[in-house]
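Colleague: sharing a model prediction with you, sequence too.
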Amino acid sequence: MENGTFYFMLFEDLGYIRYAFFSLGFIFYCVVIYFNVLIILAVFLERTLHQPMYILILCLSINSVYGTAGFFPRLLADLLSETHTISREACFLQAFVIYTYASYELTILMLMAFDRLVAISKPLQYQNIFTPRFLTILIILNWMFPMISIGIAAILTARLTICGKNLLKVYCHNYEIVKLSCVNNTINNMYGLIVTIATVFLPLSFIIYSYIKILIICQRSSREIKSKAYQTCIPHIVILLNFSLALFCELTLSRFVNGELPLSLTVVLSLEFLIVPPFVNPLVYGLNFPDIRKKILRLIKTSR
């Protein structure tokens, strides 16, 4: 491949409208960072929020900052650039960040579901089970597993001989790069399927099992316990449904839909998992958890 670069085709012929896209993208990115940093500071600075559920919400906001940092700066730069090319190394790095972001989102939601399941099914033993040490181990495993599994996928892709350079995306996408190879990529496809099952379908299956179990327990409980359980679980379920729908759109478009939808609609749907969750997550948790909301309001007041 000439000069070891990739070319983003979707930035062609945008004309002056790219400045409008840049302005909207820049404002949206700043809002996302602002909201998520508020959540991070609220949980970090307030000792009463140093509990497993809130710490996992903090992890979710950190992941939103991480994922958007891997996408928005490059997107904004490309909107103002005349070349729209990216080096091979930078492309693999961006793909790694975006893929690990998506995987982290699901594994964190899985830990949240596990936390709520233990809290509701074994309330008296909850403090003994979810100790700081146990939570730390879970979070470390949560960060390490996607990093290693997706890192191996990146290495397998990097070893391929790439014969093309045109990407029909606005960001680097591992599967799109694999399709540009001119050698046998069966190993990549097989390993990609295994990673997808391990980092997407297994966490989703556990999450669904956990919330079904919670619903069954709630039906047998008193009205007070049922109300408290729903109050803490519904925001998690809203976030899960939002991200699952966005991720389903991305997986379907990249694997099964080839030019069957209008290009603009394809771009919007493929970006949903990168744009909507980082914006919606802090709003849902900030509005639905009074302890977080109070701390955020105090932070806003003191910053004035």
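Modeller: Good, I have the coordinates.
Colleague: Phe79 and Phe11 touch, don't they?
Modeller: Not quite, residue 79 is Leu, not Phe. Yes: between Leu79 and Phe11 there is a contact under Cβ atoms under 8 Å: 7.1 Å. For glycine as for every other residue, the C-beta is placed from the backbone atoms N, C-alpha and C.
Colleague: what do those two both touch?
Modeller: Common contacts of Leu79 and Phe11 (Cβ atoms under 8 Å, 6 or more residues apart in numbering): Arg18.
Colleague: settle it for me: which of these two has more neighbours?
Modeller: Leu79 (21 against 18; other Cβ atoms under 10 Å).
Colleague: can you tell me the element that one falls in?
Modeller: Using DSSP states H and E, Leu79 sits within helix 72-80.
Colleague: for Leu60, same thing?
Modeller: With DSSP H and E as criterion, Leu60 is part of helix 52-69.
Colleague: centre of the chain to stretch 151-165, how far?
Modeller: 23 Å (Cα atoms, centre = their mean, to the nearest Å).
Colleague: got the contact list for it?
Modeller: 1-2, 5-7, 88, 92, 95-96, 99, 174, 177-178, 180-183, 185, 187-188, 191-192, 195.
Colleague: can you report how many residues neighbour Met224?
Modeller: Actually, residue 224 is Glu rather than Met. 8.
Colleague: from the chain's centre, how far out does the host helix or strand of it sit?
Modeller: Using DSSP H and E, Glu224 sits in helix 223-255. Centroid separation between helix 223-255 and its chain, computed with Cα atoms, centre = their mean, is 13 Å.
Colleague: packing partners for that helix?
Modeller: helix 88-121, helix 174-178, helix 202-219, helix 263-288 (3 or more Cβ pairs under 8 Å, 6 or more residues apart in numbering; DSSP states H and E).
Colleague: so for Phe72, which of these sits nearest?
Modeller: Phe72 lies closest to helix 263-288 among the helices and strands packed on helix 223-255, at 8.5 Å (Cβ to Cβ).
Colleague: thinking again about what came up before, mean confidence for the helix holding Glu224?
Modeller: Over the span of helix 223-255, the pLDDT mean works out to 78.
Colleague: ok, back up a step: okay if I get the helices and strands packed on helix 223-255 as CSV plus distance to Leu141, mean pLDDT and mean neighbour count?
Modeller: Shown next, in CSV, are those (distance: least, Cβ to Cβ, whole Å; pLDDT from 0 to 100; neighbours: other Cβ atoms under 10 Å):
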stretch, distance to Leu141, mean pLDDT, mean neighbour count
helix 88-121, 9, 92, 21
helix 174-178, 23, 85, 20
helix 202-219, 12, 88, 16
helix 263-288, 22, 82, 18
